[in-house]
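Colleague: after the sequence you'll find the predicted model.
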Number of protein chains: 2
Amino acid sequence: MSPRRVTMTDVADRAGVSRTTASLVLSGRGRELRISRSVEERVLRAAQELGYRPDIVSQSLRTGTTRTIGFVSDTVATSRLAGDMIKGALEAARERGVMLFIGETEGEPDLERGLLEAMQDRRVDGIVFASMFTRTIPVPAALTAAPAVLLNALPTEPSPLPSVVPDETEAGRAAARLLLDAGHRAGIHLVGAGPGIHDVPPGTVAGVERLTGIRDVLGQAGVEIASGRVCPDWQPEHGYAATAELLTAERPRALVCLNDRLALGAYQALDGAGLRVPDDVSVVSFDDHPIATWIRPKLTTVALPHYELGRKAVDVLFAEIDRHREGLEPDGGSHRVPMPVRLRGSVAAPAR
Amino acid sequence: MSPRRVTMTDVADRAGVSRTTASLVLSGRGRELRISRSVEERVLRAAQELGYRPDIVSQSLRTGTTRTIGFVSDTVATSRLAGDMIKGALEAARERGVMLFIGETEGEPDLERGLLEAMQDRRVDGIVFASMFTRTIPVPAALTAAPAVLLNALPTEPSPLPSVVPDETEAGRAAARLLLDAGHRAGIHLVGAGPGIHDVPPGTVAGVERLTGIRDVLGQAGVEIASGRVCPDWQPEHGYAATAELLTAERPRALVCLNDRLALGAYQALDGAGLRVPDDVSVVSFDDHPIATWIRPKLTTVALPHYELGRKAVDVLFAEIDRHREGLEPDGGSHRVPMPVRLRGSVAAPAR
DNA sequence: GCCGGTTGCTAAATCGTGTTAGCGGCGGTT
DNA sequence: AACCGCCGCTAACACGATTTAGCAACCGGC
């Protein structure tokens, strides 16, 4: 059997003082409350010798703060990217001495409610409610009981909750600028969405915002999008099919793939047609999925900053918790996290 | 501000009974302790009407059990596979009404100790200590305070802790059998380890055990391993290099790659040499990494059962917690989880 | 000698629950 | 009438911390 934990009473007894005094000293308020040097010394030594560690469960009951937050997502397993998001959250939490509960809703409302309740029954200080791909979601009713932040998601209805999302529009601009800077002015085709602003798979924020950014910059430069192909899903096979079909009609100079998996498919189709990246066709993409560095040439892509998103969400959550503590209204804004460009080998000047 | 939570006292007041009675009824012990039907009815209705939910923090303080376990790993972000492991653990925990703390040590002893202490200060009922790839580890001293299980790891020194690991040896046997069943008897080469039993990268359990299984079955069948190449790390580029080098000397009939990333590299090298999978060369591998289904032809591989590992670890942990509760000794055994074969398109009968 | 102020500590209440010990009332027995 | 035993419920303590209110001792001033 494990030996009983050392309690504050044990420390107080050994130091020959009351529990109150021990508590004051150990919580660092001894100085301000005029505990003598010698007593303070005795208490600290006793705690040290006994290896005292405060029981957080008990502290939680008394103070109402558990130093624990919840991280609820629809699914963690779909991609390695989810892991990075959690990792960012984890590190930001650790820096504050806070632990993380995790839970998955798998998109089921019952699970979701059960999970949120289970966390609130454990009195979490706040909750990060995350989606694994950026989208709009209805805010669960159970989420109003504690401070909360939406991560990688925007509320469908106006909501008092703040949200943290990648800056997809700016990412779209960056992607377009990459091609312009390389000298491309024609033969630019889109794979996965476009060319029109409404040609996007339903329900994705990334689709419309990336497209908006791309059109924005190309439009400004007076460059026309040669074509675009909507893909219902953004998997390699769809990228392959769309690109293969494109190649029957045209000879593209540059491809903007709406994500890296599409780009993988596009690579395969280009390869099949005997076209080389980037000499014949430049390819630029989004996400910075691990495959982006596995394929040859390595893919130039605008990265989803999963790690930063996770960190930022926790930062915003703690700001929210402070607000809450001071009785202020929630923030309610949407925080955009920049998406960095990963310059690799898939973009070159257009062939003469 | 959030309205105050409903407490048991509120329920008792509304039902017009003492808190004790409310507690007895709500914990289901009312019947055995002779609380009258009518009182029971009143209490339950009051709880229902007020939306009472027990405060788990308080229950934890009183009962000493938090219905919470910790999941500590070296890193969650390295692979999507880690996510599956957590997912398995998560689901097994949820089925028991238990929440999961997660934490990452990043291999740093200080972080590791801090994390384990933070969890124990929160009085977790038990801890899963996971490694993201199978290996032997020294058991942290801080791990003895609560029931614990090693996941995907074996203790370097004899230890009272049980461990849960994939059955790599049997997986090696399965891989070898795949080739035998397809008719291969010669020209079988290893990529990543072998041919000798000691030709493995240091520190990996998977290496020696997979190799053992492979040699076991091939040896039984009287089939000789044509060659083997140790790779210091098991990334695509190493698989490429090893295979390319192999091809300068030999014309293999089948490749056993020690994991899927090596196999990706092998595919690229075979492709470069104008050899086709599986017509010219069969390829079999391990892990069932996502890329196994992305490359053409899809890779036949023996899967790491990450999800099952996670589940199993939590199962074993709860068995351990029960033992602990009853004052029994820890189990201390190692539990092997079977690795399933994923039959896909990379194995065929040897060309004539 | 009395009063006010400071110093240095402690008693006791509190958080929300679980649990043990016991209390009042009633019916039946001797 | 005294006693016993059972029924149905409650008072009170415990878990391990924080925090408020207050107490004893001492000092200085008038």
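Modeller: Sure thing, it's come through.
Colleague: helices of chain A, start to end?
Modeller: Assigned by DSSP state H, chain A shows helices spanning A:8-15, A:19-26, A:37-50, A:56-63, A:80-95, A:109-121, A:168-182, A:205-220, A:236-249, A:260-272, A:291-294, A:306-325.
Colleague: for the shortest one, buried residues please.
Modeller: Neighbour counts using 16 or more other CB atoms under 10 Å in any protein chain shown place A:291-292, A:294 of helix A:291-294 among the buried residues. In short, each C-beta sits where N, CA and C put it, glycine included.
Colleague: the longest one now?
Modeller: Burial within helix A:306-325, assessed by neighbour count using 16+ other CB under 10 Å, is assigned to A:306-321, A:324.
Colleague: how long is stretch A:283-299 end to end?
Modeller: Length of stretch A:283-299, first residue to last, CA to CA, to the nearest Å: 7 Å.
Colleague: mind putting the helices of chain A into CSV with mean pLDDT and distance to DNA strand D?
Modeller: Shown next, in CSV, are the helices of chain A (pLDDT from 0 to 100; distance: least, CB to the nearest atom of the strand, whole Å):
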stretch, mean pLDDT, distance to DNA strand D
helix A:8-15, 93, 3
helix A:19-26, 93, 4
helix A:37-50, 92, 10
helix A:56-63, 96, 4
helix A:80-95, 88, 20
helix A:109-121, 94, 16
helix A:168-182, 97, 44
helix A:205-220, 95, 42
helix A:236-249, 95, 55
helix A:260-272, 95, 49
helix A:291-294, 90, 48
helix A:306-325, 95, 12
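Colleague: need the winner for burial among those helices.
Modeller: helix A:260-272 (a mean of 24; mean count of other CB atoms under 10 Å in any protein chain shown).
Colleague: same for that one, what does it pack against?
Modeller: strand A:188-192, helix A:236-249, strand A:254-257, strand A:282-287, helix A:291-294 (3 or more CB pairs under 8 Å, 6 or more residues apart in numbering or on different chains; DSSP states H and E).
Colleague: pull the number of nearby residues for A:E32.
Modeller: By other CB atoms under 10 Å in any protein chain shown, 8 other residues sit near A:E32.
Colleague: what are the phi and psi values at it?
Modeller: A:E32 adopts backbone torsions of phi -70, psi -20, taken as degrees, to the nearest 10.
Colleague: in terms of pLDDT, where does it sit?
Modeller: According to the prediction, A:E32 has pLDDT 77.
Colleague: over to A:G107?
Modeller: As predicted, A:G107 sits at a pLDDT of 86.
Colleague: excluding chain neighbours, give the residue nearest to it in space.
Modeller: Nearest residue to A:G107, sequence neighbours excluded (CB to CB, 6 or more residues apart in numbering or on different chains): A:D74, at 5.3 Å.
Colleague: near DNA strand C, which residues of chain A show up?
Modeller: Neighbours of DNA strand C within chain A, by CB under 7 Å from any atom of the strand: A:16-21, A:24, A:33-36, A:38-39, A:61-62.
Colleague: so which of these also contact chain B?
Modeller: When contact is defined as CB under 8 Å from any CB of the partner chain, the residues of chain A next to DNA strand C meet chain B at A:L61.
Colleague: among the residues of chain A next to DNA strand C, which two are most distant?
Modeller: Farthest-apart pair in these is A:S38 and A:L61; separation 32.0 Å (CB to CB).
Colleague: and A:P166, bridged to which residues?
Modeller: A:V337 (DSSP bridges).
Colleague: surely it and A:M339 touch.
Modeller: Yes: contact criterion CB atoms under 8 Å: A:P166 and A:M339 qualify, at 5.2 Å.
Colleague: overlap in contacts, those two.
Modeller: Listed as contacting both A:P166 and A:M339 by CB atoms under 8 Å, 6 or more residues apart in numbering or on different chains are A:304-305.
Colleague: could you measure from the closest residue to A:P305 other than its chain neighbours over to A:S285?
Modeller: Once flanking residues are discounted, A:P305 sits nearest to A:V337: 5.3 Å by CB to CB, 6+ apart. A:V337 sits 19 Å away from A:S285 when distances are taken as CB to CB, to the nearest Å.
Colleague: ok, A:L317 next?
Modeller: Taking CB to CB as the measure, A:L317 falls 31 Å from A:S285.
Colleague: repeat that for A:A206.
Modeller: With distances taken as CB to CB, A:A206 is found 12 Å from A:S285.
Colleague: any shared contact partners between the two?
Modeller: In contact with both A:A206 and A:S285: A:258-259, using CB under 8 Å, 6+ apart.
Colleague: grab the most central residue of chain A for me.
Modeller: For chain A, the residue nearest the mean C-alpha position is A:L309 (3.3 Å; CA atoms, centre = their mean).
Colleague: can you give me every residue that contacts it?
Modeller: A:85, A:88, A:151-152, A:164-166, A:337.
Colleague: at 6 Å what do you get?
Modeller: A:L309 is in contact with A:85, A:337, counting by CB atoms under 6 Å, 6 or more residues apart in numbering or on different chains.
Colleague: also A:A313?
Modeller: By CB under 6 Å, 6+ apart, the contact list for A:A313 reads A:128, A:149, A:151, A:164.
Colleague: one more time with 8 Å
Modeller: Contacts for A:A313 (CB under 8 Å, 6+ apart) come out as A:88-89, A:92, A:128, A:130, A:149, A:151, A:164.
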